[in-house]
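Colleague: just the structure for this:
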Amino acid sequence: MWLFNNRSLTKSGAFAGVIVCMAVDVCVIDLFMFLFRAKSPLRRSSRPTRTSTPPNHQYQPQDANRAQVLEEGPGPVGSPRVEWLAREDVDHDDSYYNGPTTSSLPEHWQSFNTAAGGAGSFSRQTGGLSAAAEPSMTNLAGLSAANQSPEPPLNGNYEAAAQHSPGLDLVRSVAVASTSSHHFNNPGSTALVSQMPGSPLAQHKLIMPSSADKLADTGKAIEQAATMYDDYCRVITPENLLTEESEEVCAMLVECLELRRKWLFKPQLTPEQRRHEQEAAVPADVDPEPFSYRPLPRSNHTYAMVDGVVRVWPDKRSVPGQDLFPLPGTAADFFTDMHRVLRYASLGPVKSFCHHRLMLLEQKFNLHVMLNADKEFLAQKSAPHRDFYNVRKVDTHIHHSACMHQKHLLRFIKSKLRKEPDELVIFRDGKWLTLKEVFESLRMTGYDLNVDTLDMHADKNTFHRFDKFNLKYNPFGQSRLREIFIKQDNLIRGRFLAELTREVFTDLEASKYQHAEMRISIYGRKQVEWDILAAWVVGNNLASNNVVWLIQIPRLYNVYRDQGIIENYAQMLENIFLPLFEATVDPSSHPQLHCFLSQVVGFDMVDDESKPERRPTKHSPLPQDWSSKHNAAFSYYAYHIYANLYTLNKLRESMGLNTFSCRPHAGEAGDIDHLVSALMLCENIAHGINLRKSPCLQYLFYMAQIGLCMSPLSNNS
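Modeller: Next up is the predicted model:
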């Protein structure tokens, strides 16, 4: 009961609640084990006899045998009849035959009686339930009178009667299901047991098994209780009437969801509309050679970047300003809508309403688990050839540079140092160095290498330390080894990384049921980055049925601006998106990039979100005017990446090509406006830890069903 009546407990209160539950569990188990004892009857001379009848006793015997039993005494010692009459709070009348009344039942059994048939009492004439209780038990219509428990034995042979009882297995199921639900007053156990045909709620008497030893097979009893009905138990909670304040809050929440519907990219064909398309167990059945270039005609579309967003026109004769794929709004419109959602999320009534709804959802889920856990467990067991190890598992948040484990990378480095020591791998300090010379300059040999010195495990020291997390990508703490082994743009053209990636693909394919989305970076320093990356992937044939690619864009404009690589923010956007439009409009201009894009599923944004930033407004400068040395804010990046992806997806969709989703890192740290931007623009996000700071956004993410790609071993806990 304490699980439902207390929203939050202190440690001492929780401990006391656990002790109470354990004590009640013991009492319930003792009760059923005691009632299940049906030993051989003793001689009648050893039975205690009744010498008096309680006052106001209105019993009239219906036959001589029954009257004789009442005159001779309650029955054999150890039978349920003796234990019932031994209680001082029980009226010693004929309740054993006509069923105990609500007033004579123990307190925790009265709740069962009320749950089963309201205020109706048990009686023989109605087959176990009074006429008042029958309408509430229509779900037990499948039980005929023949399936009810037989009349209680008059000769005291309860063991023989129990052996031939058709409801014996159901009673055992009730016993085990009840004892596994904390105690009788538990609302979950009441809801579960009250629907069982063989429970004491639907029967007018209890027929117990022959001995307590039959409780040993609890697994079988649980299965019987769980398979009693095919349908799962629904958790229905009453809805209170909305107040004027609640109606205003609901209107605000609906407006936020409408803003998401306004901005989010929606494909022309929904998954339901694509059910007729061919499906395959592996992508190779549809396209066995994904990197085989098939020439496509050039499209007549023209494009150009205007105010940081690529605009597309049908042909060169189109009038400027009449975009073929107009955006839902400008940057100023987006920032205005974002501030509106932020204002709603900061209101006190909105916070209270969303917090209460989230608590209700959590309690409903807990009750669902209590009612249906056994059924789900049995359904899981009934699935042939399926368990945790042979179900499809997809890692949607894995960086390509960290796709291998430490031991795998260490073994690969030792192998190359042993087999290819004379390979020229880097140009450093004005001279060319072989792999052996690189390790000699570090004063290291293959014998000195181990996992501890490799030091590429994200431990507790990297929590909330993005700088330390990035340093973990350096083998043995050396940036030159990172360039040699886990970079694709180096002197050896990424051959070592390609071989290592192929080994990871082989391991995934051998396990058969493990899949991954490899995140690989495009920085936006120069447009040729796309061709270099595509040539590396296609040239090394890095395609697998178990792997797809996802592009991540580091938010490092200020770094490139300080280095003099770019002059303004618009140049970074041009370097990222113009090659994609070129490869889409004319695939022959970038054939390898065209093939590589068929294996890309989405775009991501990454960087340290905890860095301080100024929240953008509708008065923020345009990308071509952003030449400051300061980095742009998260939402500024989010809108312009979303806007270009929106136009690119519309163009590729019109040409029958695959589209890309927007799935950034958001809510790992920093301000909650990151999450508001993700709510309006993104299909799902990575992390989302800061949702705990805003009940409104957490509830909106639930209502919009936005997924969170989160890892148990993330760099933020």
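Colleague: from here on, just use CA atoms for contacts and neighbour counts.
Modeller: Noted.
Colleague: helices or strands next to the helix or strand where Thr336 lies in the packing?
Modeller: Assessed by DSSP states H and E, Thr336 sits inside helix 331-345. Contact here means 3 or more Cα pairs under 8 Å, 6 or more residues apart in numbering; DSSP states H and E; on that basis helix 331-345 packs against helix 244-263, helix 634-654, helix 673-681.
Colleague: let me see the mean pLDDT of the next helix or strand after it.
Modeller: Using DSSP H and E, the next helix or strand after helix 331-345 towards the C-terminus is helix 348-382. Taken as a whole, helix 348-382 has an average pLDDT of 91.
Colleague: ok so, going back, most tightly surrounded among the helices and strands packed on helix 331-345?
Modeller: helix 673-681 (a mean of 25; mean count of other Cα atoms under 10 Å).
Colleague: helix or strand next in line after it, which one?
Modeller: Downstream of helix 673-681, the first helix or strand assigned by DSSP H and E is strand 684-687.
Colleague: got the contact list for that following strand?
Modeller: Residues outside strand 684-687 that contact it (Cα atoms under 8 Å, 6 or more residues apart in numbering) are 397, 662-668, 678, 706-711.
Colleague: direction included, what does it pair against?
Modeller: Using DSSP bridges, the strands paired with strand 684-687 are strand 665-666 (parallel), strand 707-709 (parallel).
Colleague: least confident of those strands, on average?
Modeller: Among the strands paired with strand 684-687, strand 707-709 has the lowest mean pLDDT, at a mean of 88.
Colleague: before we move on, the earlier item: mind checking the strands paired with strand 684-687 for the one nearest to Val312?
Modeller: Evaluated over those, closeness to Val312 peaks at strand 665-666, with 28.3 Å, by Cα to Cα.
Colleague: circling back: give me the residues contacting the helix holding Thr336.
Modeller: Here helix 331-345 makes contact (Cα under 8 Å, 6+ apart) with 252, 256, 259, 350-351, 616-619, 639-640, 673, 676-677, 680, 694, 696-697.
Colleague: what is the neighbour count of Pro288?
Modeller: 11 (other Cα atoms under 10 Å).
Colleague: ok, Glu613 next?
Modeller: Residues within reach of Glu613, counting by other Cα under 10 Å, total 14.
Colleague: what residues of stretch 396-415 count as buried?
Modeller: Neighbour counts over stretch 396-415 (16 or more other Cα atoms under 10 Å) mark 396-404, 406, 409-410, 412-414 as buried.
Colleague: next: stretch 603-618.
Modeller: Applying 16+ other Cα under 10 Å to stretch 603-618 flags Phe603, Asp604, Met605, Val606, Asp607, Asp608, Glu609, Arg615, Pro616, Thr617 as buried.
Colleague: now the end-to-end length of it.
Modeller: Separation of the first and last residues of stretch 603-618 by Cα to Cα, to the nearest Å is 25 Å.
Colleague: likewise stretch 298-308?
Modeller: Length of stretch 298-308, first residue to last, Cα to Cα: 25 Å.
Colleague: what's the answer for stretch 488-504, then?
Modeller: First-to-last residue span, stretch 488-504, Cα to Cα: 16 Å.
Colleague: can you list contacts of that stretch?
Modeller: Residues from elsewhere that reach stretch 488-504 (Cα under 8 Å, 6+ apart): 403-404, 409, 412, 424-427, 483-487, 532-533, 536, 540, 542.
Colleague: any buried residues in that stretch, and which?
Modeller: 488-489, 492-498, 500-502, 504.
Colleague: just stretch 335-343 next, same as before
Modeller: In stretch 335-343, residues buried by neighbour count (16+ other Cα under 10 Å) are Phe335, Asp337, Met338, His339, Arg340, Val341, Leu342.
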